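Enquirer: 3D model of this:
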Amino acid sequence: MCVGGIASKGQLRMSFLRWAVVTVPLILLLGFVSGRSVSVGSDNAWYMALAKPALNPPGWVFPVVWTTLYILIGLALAMILNARGARLRGLAVALFVGQFALNLAWTPMFFGAHKIGLSVLVIVAMLALSIAATFVFARIRPAAAWLMVPYMVWISFAGVLAFSIGQLNPGAETLAPAPHTSQML
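Expert: Below you'll find the model as predicted:
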């Protein structure tokens, strides 16, 4: 029950759930669309022709990890959106959106355009923005910041992996022509 303009714990929980019902599926959908915009993994002849470092995980790991991470960051964003009146809320959301836009651009850049060097720079920028977002999240809702930590660890690993692939495959951009068709349908 709301007393004197302050929401009850139940009302706050329901407000968070309403945000989560929007943010989690939206982030999953956008991630899926980005991942399906070009051939990835074993479906990508260019990628399969590349030499890969020993630390490269098996292909099935990527969709499992990304799905889990997208759920976690979707919940983190829902916590921040639910923090009405928080002074840094707008900045937190802007930083999150910026890093997530880079996240969505990475797959077509790496797998579609074969721009390994540029994709590493995108990961560095994505990591910087996600670290900044996490610090701002921590000032609003510490639990939201903790939900971002596995994501930052994984994108750090992805950066090392992409950099290593670039080192093992000089001139990889010319290995095969970039596809001009979408894998959406």
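Enquirer: Tell me where this protein has helices.
Expert: 9-36, 45-49, 61-81, 89-107, 116-140, 142-168 (DSSP state H).
Enquirer: how about the ones you listed, which one is nearest residue 55?
Expert: For the helices of the chain, the distance to residue 55 is smallest for helix 142-168, at 6.7 Å, taking Cβ to Cβ. All C-beta spots, glycine's among them, are computed from the backbone N, C-alpha and C.
Enquirer: by how many degrees do that closest one and helix 116-140 diverge?
Expert: For helix 142-168 against helix 116-140, the angle by axes from the mean of the first three to the mean of the last three Cα atoms, to 10 degrees is 170 degrees.
Enquirer: you'd agree residue 163 is up against residue 120?
Expert: Yes. Contact criterion Cβ atoms under 8 Å: residue 163 and residue 120 qualify, at 5.1 Å.
Enquirer: Make CSV from the helices of the chain and add distance to residue 174 to it.
Expert: What follows is the helices of the chain, written out as CSV (distance: least, Cβ to Cβ, whole Å):
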stretch, distance to residue 174
helix 9-36, 24
helix 45-49, 10
helix 61-81, 25
helix 89-107, 20
helix 116-140, 11
helix 142-168, 13
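Enquirer: Now do residue 66 against residue 140, distance only.
Expert: Taking Cβ to Cβ, to the nearest Å as the measure, residue 66 falls 25 Å from residue 140.
Enquirer: mind listing what the residue nearest to the spatial centre of the chain touches?
Expert: Computing the C-alpha centroid of the chain and ranking residues by Cα atoms, centre = their mean puts residue 103 first, at 4.7 Å. Going by Cβ atoms under 8 Å, 6 or more residues apart in numbering, residue 103 touches 31, 34, 126, 155.
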